[in-house]
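> I'd like to go over a predicted model; first the sequence, then the structure.
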Amino acid sequence: MVVKVYGKAQAVCPQRVMHCLMEKGVPFELVHVDIDTMEHKRPEFLQKQPFGQVPYIVDGDLELFESRAIVRYLAAKYADRGPNLLGRTPEERAKVEQWLDVEAINYNPWAFPIVFNLLVLPIRGLPANEAEAGAAVDKLNKVLEVYEKQLSKTKYLAGDEFTLADLTHIPATRYIVENCGLSHLLDDKKHVKAWWEDITARPAWKKLSSFVETGGSNYSP
Amino acid sequence: MGSVKVFGPAMSTAVSRVMACLLEKEMPFQLLPIHLPKAQHKSPDFLKLQPFGQVPAFQDGDGTTLFESRAICRYICDQFAGQGNRSLLGPEGGGAADRARVDQWVEAEAHSFNPPSSALVFQLVFAPSMRLKQDPAAIRENEAKLRKVLGVYERRLAESRFLAGNEFSLADLATDKAELLTSRKNVARWWEDISARPSWKKVLDMRGAPPA
């Protein structure tokens, strides 16, 4: 039985999960959840994801939500396939966990209002909160200055290998750089820019981008 | 081998999370207070430990330094797997699926519970004591968000003793500020259970102790 990912392809959090599945070469089916008609807030959906958010996955008997919990699960379950995404020792894993949480706690709270106000609301024809987006851009820039220092010491956030800590950043940052006119946030940071170019050149990320663009629903390696 | 060190004020929920975890794991540690009003968390020395200038920071006995309280807790659970509470990340001897069932609630706490509850604690508890002006719009907005999340918790805790299952886990650890939580039956039951744990009582003792 193939892993099922429930979500909308264009949404950041399902992309995080699908990218991870592609890095590991694990087949999956994307089951579309119609966010635009509030499917994710209806009782049947809330039975599976009580916070009314996407994605959740079904893998055999296991139902799981929260994309960062899901990618940790996939990286552990498929540790023997594809790139090592979780480090090889407890100390390496700890660094991966540290930077995974930096993305969740320090990066995402600014990335989300930028994408929401500058991309999602305009697409829906709704007014954006420019002040909120502007404040978030300033905060994100400060966070990226810390990333610049870290990435001048290590090739990737948690060390010298690509891990989940880098992966979780990609979907939202792509929208920020490509769709919100904010590539300058990276341009003046030499190491962040090099890191960004490297991680978005990964074959699995390119595969995911094309999957989303072409309206894919089934993936096999 | 040096001692385990936690850097930060005991009043901080994030610092308390790490301390509660170490206490659950029966790991001795030293708390090195960081004085936030004096901006000690922005000093060059502290920024070497935590480049974002946030508390806590953590140093293992062998010199490994870490930040982000939940990452620190996961490391403590993995590094000291054999001692103290062995089911903070899922049942002992469990696999990736068992750990994931805990992880999803740790993430839910981090993304859905913590932001509105921290904002409310700041507005209702810290702002008055720091003589800062409260923001009524922020209070309304975060109360509404927290109400929704506590609704989810209430339904979850009707079917499960703790958030991730029938054992206390990292997802329940260091849920702070009871005054926000006691209005719903199952949430109140859960709060009474988790705050009666010896590890949490010890954290509260450490908060009450005069500064070093």
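That came in fine, so what should we check first?

> what about the helices in chain B?
B:13-24, B:44-49, B:69-79, B:96-108, B:114-121, B:127-129, B:136-159, B:185-195, B:198-208 (DSSP state H).

> least reliable of these going by mean pLDDT?
Least confident of those, judged by mean pLDDT, is helix B:127-129 with a mean of 84.

> now that one: how far from the chain's centre is it?
In terms of C-alpha atoms, centre = their mean, to the nearest Å, the centre of helix B:127-129 is set 22 Å apart from its chain centre.

> Also stretch B:114-124?
Counting by C-alpha atoms, centre = their mean, stretch B:114-124 comes out at 14 Å from the chain centroid.

> Does that stretch reach chain A?
Yes. Using C-beta under 8 Å from any C-beta of the partner chain, stretch B:114-124 reaches chain A at residue B:115. Heads up, the C-betas are built off the backbone N, CA and C, glycines and all.

> Show me what from chain B comes close to chain A.
B:51-52, B:54, B:64, B:66-68, B:70-72, B:74-75, B:78-79, B:96-97, B:99-101, B:103-104, B:106-108, B:110-112, B:115, B:149, B:152, B:155-156.

> what do you get if the cut-off is 6 Å, keeping everything else the same?
With the criterion set to C-beta under 6 Å from any C-beta of the partner chain, chain B comes near chain A through B:51-52, B:64, B:66, B:68, B:70-71, B:74-75, B:78-79, B:96-97, B:100, B:103-104, B:107-108, B:110, B:112, B:152.

> List only buried entries from those.
With burial judged by 16 or more other C-beta atoms under 10 Å in any protein chain shown, the buried subset of those is B:51, B:66, B:68, B:70-71, B:74-75, B:79, B:96-97, B:100, B:103-104, B:107-108, B:110, B:112, B:152.

> The nearest residue to residue B:126 once chain neighbours are set aside: neighbouring residues, count only.
The spatial neighbour of residue B:126 that comes closest, neighbours along the chain excluded (C-beta to C-beta, 6 or more residues apart in numbering or on different chains), is residue B:132 at 7.8 Å. For residue B:132, the number of neighbouring residues by other C-beta atoms under 10 Å in any protein chain shown comes to 11.

> Just the CA trace of the helix or strand encompassing residue A:64, in PDB.
Using DSSP states H and E, residue A:64 maps to strand A:62-65. Output of strand A:62-65 as PDB, limited to C-alpha atoms (Å, rounded to 0.1, in the frame of the first residue of the first chain):
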ATOM      1  CA  LEU A  62      -0.300   5.000  10.800                       C
ATOM      2  CA  GLU A  63      -2.000   8.300  10.400                       C
ATOM      3  CA  LEU A  64       0.200  11.300  11.100                       C
ATOM      4  CA  PHE A  65       0.000  15.100  10.900                       C
END
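
> How about residue 101, nearest residue that isn't a chain neighbour?
All of this refers to chain A. Closest to residue A:101 by C-beta to C-beta, 6+ apart is residue B:68, at 3.7 Å.

> other chain: chain B
residue B:164 is the one closest to residue B:101 (C-beta to C-beta, 6+ apart), at 5.7 Å.

> Report the separation between that neighbour and chain A.
Distance of residue B:164 to chain A, given as C-beta to the nearest C-beta, to the nearest Å: 10 Å.

> now the helices: where do they sit in chain A?
A:12-23, A:43-48, A:67-77, A:90-102, A:108-115, A:121-123, A:130-151, A:164-167, A:170-179, A:184-187, A:190-200, A:203-213.

> TSV for these, including mean neighbour count?
Output for these, formatted as TSV (neighbours: other C-beta atoms under 10 Å in any protein chain shown):
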stretch	mean neighbour count
helix A:12-23	25
helix A:43-48	12
helix A:67-77	24
helix A:90-102	23
helix A:108-115	20
helix A:121-123	13
helix A:130-151	16
helix A:164-167	25
helix A:170-179	20
helix A:184-187	16
helix A:190-200	16
helix A:203-213	16
